[in-house]
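A.B. asks: Following is a predicted model, sequence given first.
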Amino acid sequence: GSGSEAGAPRQLTEGDHDHADPAWSPDGRAIAFTSARHDERDHDDVTDIWVVAAPEGASETGAPRRLTATAGPAGHAAFSPAGDTIAYLGRAETNAFGGNIRLFAIPTTGGAPRCLTADFDRSCSPLGVQPVWSPDGGAIIVAAEDQGSLGVYRVPAGGGPVTRIVAGERVISGFSVSRDGRTIAFAASEPDSPAEVIVCGADGGGEKRITDLNRDWKREVVLSRAERFRFERAGMTVDAWIMKPFGFEAGTRYPLLLNVHGGPHAQYGYPFLDEFQVQAGAGYAVLYTNPRGSQGYGEAFTRAVVGDWGGGDVADVQAGLDEALRRYDWVDPARLGLLGGSYGGFMASWIVGHSTRFKAACSERAVNSHVTMFGSSDIGHLFNVV
């Protein structure tokens, strides 16, 4: 249509299936999307990349064509500038929870996918956004978690080493690339700063922050920095962070709140965490850890919790508290609190059922019963396999 007129929408897909992540081909003749259309779709985590012809004039579209082999979760398709290749994020295994989400490329006409991040031991889908091609088709931009941070990475489309181009002790919450590929815009937060928008060159150089939306608020409040410390346990290096309470004075001992993240395949680290700032502002020391099961430390570390909830993961969390008490004499070991949500709620419930060291605990939106979770939630039938 023209002016204020709107064209009549045309439905391109049908059936008892969800369809997501539409992506146009460069020539506008096709749309790639994500869908689970196989018979066992209610019993696994598998999705496929499909391609459907876009409507031209009043002509009818053809049936969608499945591109991937129903081998694992696949999604967030992105056509190459030439239109001959589709990049997507996924896994080649079914129900491999905690396994890395990797970057793949597959010919638009069909064929075997190539994994472009086989040697990059990080998961490439923390933001749930499609990969971005460079204008020349030579590289693909993705995000990945790394040891408490979350940055932007460049992956050579023809294979080769992955390069981090947006680094730092911070967490990216979104990014986009200019049409000419020369500029990256991203939003990033730090433990003592809510997210702001930053731009940089394609290589990460020349950073410039272009918003200061929280300037006035930050002048009104006192925010606590997070100090990272590391410790070794059972052959693994575990990260932890501690925040001092508001009004901290040397020689005084303070109560401590230990926070456990959900997931378990998630990570704490360098984002702005408002709950932690509220806790520190109320006079508590705040401690949080990335025990086994966390993302950002490689697939083996992330999958080490599978089949062992309440085992090594609990030991890691308790060891982090022990290490904090050893390092920081201003923490009062007689006034310890514990809280966490979802899987973190499971951990809080489990720990207070097996330990008397905490004076109080808050088990939030907790996985306290796998039986009821299996039967009364939309994710229990998949989530409980871990």
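C.D. replies: Looks like it came in fine.
A.B. asks: in what helix or strand does Val199 lie?
C.D. replies: strand 193-201 (DSSP states H and E).
A.B. asks: That strand - contacts with which helices or strands?
C.D. replies: Strand 193-201 is packed against strand 183-190, strand 208-209, with contacts defined by 3 or more CB pairs under 8 Å, 6 or more residues apart in numbering; DSSP states H and E. All C-beta atoms are positioned from the backbone trio N, CA, C, and that covers glycine.
A.B. asks: Which strands border the longest one, and is each parallel or antiparallel?
C.D. replies: Read that as strand 183-190. strand 171-177 (antiparallel), strand 193-201 (antiparallel) (DSSP bridges).
A.B. asks: Highest mean neighbour count out of those?
C.D. replies: strand 171-177 (a mean of 18; mean count of other CB atoms under 10 Å).
A.B. asks: in the longest helix along the chain, what's buried?
C.D. replies: Taking DSSP state H as the criterion, the chain has its longest helix at helix 312-327. With burial defined by 16 or more other CB atoms under 10 Å, the residues of helix 312-327 counted as buried are Gly312, Asp313, Val314, Ala315, Asp316, Val317, Gln318, Ala319, Gly320, Leu321, Glu323, Ala324.
A.B. asks: Following element in sequence after it, please.
C.D. replies: strand 331-341.
A.B. asks: Let me know the angle separating that following strand from helix 312-327.
C.D. replies: On the basis of axes from the mean of the first three to the mean of the last three CA atoms, to 10 degrees, strand 331-341 is oriented at 150 degrees to helix 312-327.
A.B. asks: Can you list the neighbours in contact with strand 331-341?
C.D. replies: Residues outside strand 331-341 that contact it (CB atoms under 8 Å, 6 or more residues apart in numbering) are 253-262, 284-285, 321, 324-325, 346-348, 351-352, 357-366.
A.B. asks: State the mean pLDDT of the helix or strand just after it.
C.D. replies: For strand 331-341, the following helix or strand on the C-terminal side (DSSP H and E) is helix 343-354. The average pLDDT within helix 343-354 is 94.
A.B. asks: need the contact list for Val260.
C.D. replies: Taking CB under 8 Å, 6+ apart, one finds Tyr288, Thr289, Pro291, Val317, Leu338, Leu339, Gly340, Tyr343, Gly344, Met347, Ala348 in contact with Val260.
A.B. asks: try 7 Å
C.D. replies: Val317, Gly340, Gly344, Met347, Ala348 (CB atoms under 7 Å, 6 or more residues apart in numbering).
A.B. asks: The first one and Gly158: what is the separation?
C.D. replies: Yep, that's Val317 we're talking about. 43 Å (CB to CB, to the nearest Å).
A.B. asks: The third one too?
C.D. replies: Taking CB to CB as the measure, Gly344 and Gly158 are separated by 41 Å.
A.B. asks: one step back: columns mean pLDDT and distance to Thr302 on top of the strands paired with strand 183-190, output as a markdown table?
C.D. replies: A markdown table is the format used below for the strands paired with strand 183-190 (pLDDT from 0 to 100; distance: least, CB to CB, whole Å):
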| stretch | mean pLDDT | distance to Thr302 |
| --- | --- | --- |
| strand 171-177 | 95 | 17 |
| strand 193-201 | 97 | 25 |
